[in-house]
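1. Sequence and predicted structure are below.
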Amino acid sequence: MSTNIPSFNHLKVSVPKEFVYHVELNRSDKLNAINKAMFMEITSCFDALGQSEDCRVIVLSGSGKIFCAGIDLIDFSQKSLPSIAQVEDPARKAKLLSELIKLYQESMSSLEICNKPVLAAIHGACIGAGVDLVTSADIRHCTKDAYFSVKEADVGLAADIGSLQRLPKVLGSDSLARELCFTCRKFPAQEALNSGLVSKVYEDKEKMIDGVISMAEEISKKSPVAIQTTKASLVYSRDHSVQEGLNHIALLNQLMLQSEDLVTAATGQMMKDKNVIFSKL
Ligand SMILES: CC/C=C\C=C\CC(=O)SCCNC(=O)CCNC(=O)[C@H](O)C(C)(C)COP(=O)(O)OP(=O)(O)OC[C@H]1O[C@@H](n2cnc3c(N)ncnc32)[C@H](O)[C@@H]1OP(=O)(O)O
């Protein structure tokens, strides 16, 4: 299997199966707290994997004790904010803050913008920016010891990098989303499963990683044209009317239905062939 694996300081990228990339948050000594450098690496990583024809599905997990302890509070409060605080003029200060927020937003959104499905595997705890990150993923599974916490209000800010926008849509309950955002309470695995935040709970991390990689492998064997177009349509349709979504997919498929993948896949189905090979995309 010929693969191009990007390397980063705070992310570990591996290829457990052909076309399946595994991205691990890799700052376990700080419980994978996300500092500015790591925010930027997340953007670069998902942009690169979105472009790579060797990558069809991405698994995202955290190394060490927990999935993610949120934004790196030391980096944020002792480096990023003080450097902006030195600027006196409110308009110029606001411009710098806006750039910083947008940089963090872009990082979290890079999972959603990425044209490959992103499967998040969450263990231990998923706090603050961790929730922003996983609500931007396509599929979430967790271990039975996992909990989630929209922690921003506890650290004195309104969440501004995705949770307030995506969580209500993921949960389907505006009341529950507001409860979690206002109280910052721990939201345990079983409740996350019952409310649809995750779609599967595993006994432990090892079983979860095996299970999620196996699902990723299953998806990776399907037509990349079909999978990437399906993601584009699901993401678009979530924020548009049914008719706008239908118009969008009609436009995409007037192109994609011309792909060789349609004939290859349909022939494979008719022949009951489980090992259909699709060209790289
Ligand atoms: C523009 C703004 C954009 C985004 C904003 C996002 C907001 C958020 O993300 S809000 C959430 C912030 N995170 C937190 O409030 C969690 C803080 N951490 C904890 O509460 C605890 O660490 C814990 C997760 C409950 C785990 O506790 P424990 O098992 O006792 O481990 P610790 O000894 O506390 O931590 C080990 C080690 O990690 C460092 N660390 C943990 N969390 C963070 C963090 N968020 N930022 C920086 N560092 C963190 C902790 O300091 C320890 O480091 P040592 O060097 O070993 O002391």
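-> That came through, no problem. Quick caveat, the model's predicted, so the values are computed rather than measured.
2. Helix or strand: which one has residue 278?
-> Using DSSP states H and E, residue 278 maps to neither a helix nor a strand.
3. wait, what's in contact with residue 111?
-> By C-beta atoms under 8 Å, 6 or more residues apart in numbering, the contact set of residue 111 is 42, 46, 60, 118, 133, 136-138. In short, each C-beta sits where N, CA and C put it, glycine included.
4. wait, isn't residue 171 in contact with residue 193?
-> No - look at residue 171 against residue 193 with C-beta atoms under 8 Å: they stay out of range, at 11.8 Å.
5. quick revisit: most surrounded residue in the contacts of residue 111?
-> residue 133 (30 neighbours; other C-beta atoms under 10 Å).
6. Okay, and that one sits in which element?
-> Using DSSP H and E, residue 133 maps to helix 129-134.
7. And the next helix or strand past that helix?
-> Assignment by DSSP H and E places the next element after helix 129-134 at strand 139-143.
8. tell me which residues in that next one are buried?
-> Buried residues in strand 139-143, counted by 16 or more other C-beta atoms under 10 Å: 139-143.
9. want to try TSV for those residues, with distance to the ligand and pLDDT as columns?
-> Converted to TSV, the buried residues of strand 139-143 look like this (distance: C-beta to the nearest ligand atom, whole Å; pLDDT from 0 to 100):
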residue	distance to the ligand	pLDDT
139	22	98
140	17	98
141	20	98
142	16	99
143	15	98
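10. Name the pair among those residues with the greatest separation in space.
-> Maximum pairwise distance in the buried residues of strand 139-143, criterion C-beta to C-beta, is 15.0 Å, between 139 and 143.
11. Skipping its backbone neighbours, what lies nearest the residue in the stretch 101-250 of the chain positioned nearest to the ligand in space?
-> Residue nearest to the ligand within the stretch 101-250 of the chain (C-beta to the nearest ligand atom): residue 128, separated by 2.2 Å. Once flanking residues are discounted, residue 128 sits nearest to residue 70: 2.8 Å by C-beta to C-beta, 6 or more residues apart in numbering.
12. Give me the phi and psi angles of that neighbour.
-> phi 90, psi -160 (degrees, to the nearest 10).
13. could you pull out the strands for the chain?
-> For the chain, applying DSSP state E gives strands covering 11-17, 20-25, 57-62, 118-122, 125-127, 139-143, 147-149, 187-188, 200-202.
14. Give me every residue in this structure lying close to the ligand.
-> 30-31, 33, 69-74, 101, 104, 125, 127-129, 151-152, 155, 160-161 (C-beta under 6 Å from any ligand atom).
15. Restricted to buried residues, select those in PyMOL.
-> In PyMOL syntax, the buried subset of the residues of the chain next to the ligand is picked out as below (16+ other C-beta under 10 Å):
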select buried, resi 30+31+33+69+70+71+72+104+125+127+128+129+151+152+161
